[in-house]
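Participant: build me a model:
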Amino acid sequence: MKPIIALTTYGRYEKDISTAWYKEHYSLPALYIDAVRRAGGMPILLPPGQKNIESVLERVDGVILTGGADIHPSVYGGDPEHPQLTKHDKERDEFELALASHLLAVKNIPTLCICRGMQVLNIALGGSLHEHVADTIPKDIHRGDDGVWRVHEVNLQSDSLSAKIMRSNLVSTYSGHHQAIKELAPDLHVSALAPDGIIEGIEHTTLPWMLGVQWHPEITAASDPTQQKLFDALVQEAIKV
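Facilitator: Alright, predicted model coming up:
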């Protein structure tokens, strides 16, 4: 049987895809699903609000914490009145922070944290975020002028798991974030940096396969082997579970 990979979804109000028949939706871009399937995994969606997380984790072989809306600053001691904050989802914040805590306790479930997911992992371990990364840098290279994608290079630490997986120390990435890690949690180390010094990759210091990337590898995974390798490696590790 193929390894089962659970992917978190957007919150019920996070993306407005309401219709005359249904107002609330849990959803996820298909590119995540495609990347997991190419890697040989069986994707399942794990929406916010799911109870009995422990029992869910007993039935899956790997987890992807996906991208999405801002994490509310109240959960990391930030400024909840910052004028650049975007839509947030309390149910999703609570669920994913609990999920990350359970994953850290289980210790043997391969986990890939993407964009917001990387931020969730950092917060779950006691770190914090910049509410609006453009406040801290001279020029914002992390999202486009339209608030969506921008392409920039990322430097991977040569001794990192990420560099080993992607087989490169320099990769081209799609980013679309306006928040980023401010204080790195004690149990994490930096695996990748943007040219401006913003943290783009993290790995747990003791758990063998728990890593995060600030960019969106699913965007170019179909055409860029370095990005697809992240999903391939997750699935291969999940087979061992």
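
Participant: and the next helix or strand past the host helix or strand of residue 155?
Facilitator: Here residue 155 sits within strand 150-156, counting by DSSP states H and E. Counting by DSSP H and E, the next helix or strand C-terminal to strand 150-156 is helix 161-166.

Participant: still on that earlier bit, average pLDDT across the strand holding residue 155?
Facilitator: Per-region confidence: strand 150-156 scores 95 on mean pLDDT.

Participant: and that strand, what other elements does it pack with?
Facilitator: helix 161-166, strand 170-175, strand 188-193, strand 199-204 (3 or more CB pairs under 8 Å, 6 or more residues apart in numbering; DSSP states H and E). Using the backbone N, CA and C atoms, a C-beta is placed for each residue, glycine as well.

Participant: so how far is the last one off the chain centroid?
Facilitator: Translated: strand 199-204. The chain centroid and the centroid of strand 199-204 are separated by 11 Å under CA atoms, centre = their mean, to the nearest Å.

Participant: then stretch 176-196?
Facilitator: Computed by CA atoms, centre = their mean, the separation of stretch 176-196 from the middle of its chain amounts to 12 Å.

Participant: rewinding a little: quick one: strands adjacent to the strand holding residue 155?
Facilitator: If you go by DSSP bridges, strand 150-156 pairs up with strand 170-175 (antiparallel), strand 188-193 (antiparallel).

Participant: and the angle from that strand to strand 199-204?
Facilitator: Orientation check (axes from the mean of the first three to the mean of the last three CA atoms, to 10 degrees): strand 150-156 against strand 199-204 gives 40 degrees.

Participant: give me the buried positions along strand 150-156.
Facilitator: By 16 or more other CB atoms under 10 Å, the buried positions in strand 150-156 come out as 150, 152, 154, 155, 156.

Participant: how near is the residue lying closest to the last one once chain neighbours are set aside to residue 121?
Facilitator: The one in question is residue 156. Once flanking residues are discounted, residue 156 sits nearest to residue 163: 4.0 Å by CB to CB, 6 or more residues apart in numbering. Noted for residue 163: a distance of 19 Å to residue 121, by CB to CB, to the nearest Å.

Participant: neighbour-wise, which of the two wins?
Facilitator: Between residue 163 and residue 121, counted using other CB atoms under 10 Å, the more crowded position is residue 121 (29 against 19).

Participant: helix, strand, or coil at the more buried one?
Facilitator: Classification of residue 121 by DSSP: H, G, I helix; E, B strand; the rest coil places it in helix.

Participant: quick revisit: does the residue nearest to residue 156 touch residue 169 like I think?
Facilitator: Yes: under the criterion of CB atoms under 8 Å, residue 163 makes contact with residue 169 at 5.5 Å.

Participant: and the strands paired with strand 150-156 as CSV, adding mean pLDDT, distance to residue 80 and mean neighbour count?
Facilitator: Shown next, in CSV, are the strands paired with strand 150-156 (pLDDT from 0 to 100; distance: least, CB to CB, whole Å; neighbours: other CB atoms under 10 Å):
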stretch, mean pLDDT, distance to residue 80, mean neighbour count
strand 170-175, 95, 25, 20
strand 188-193, 98, 24, 19
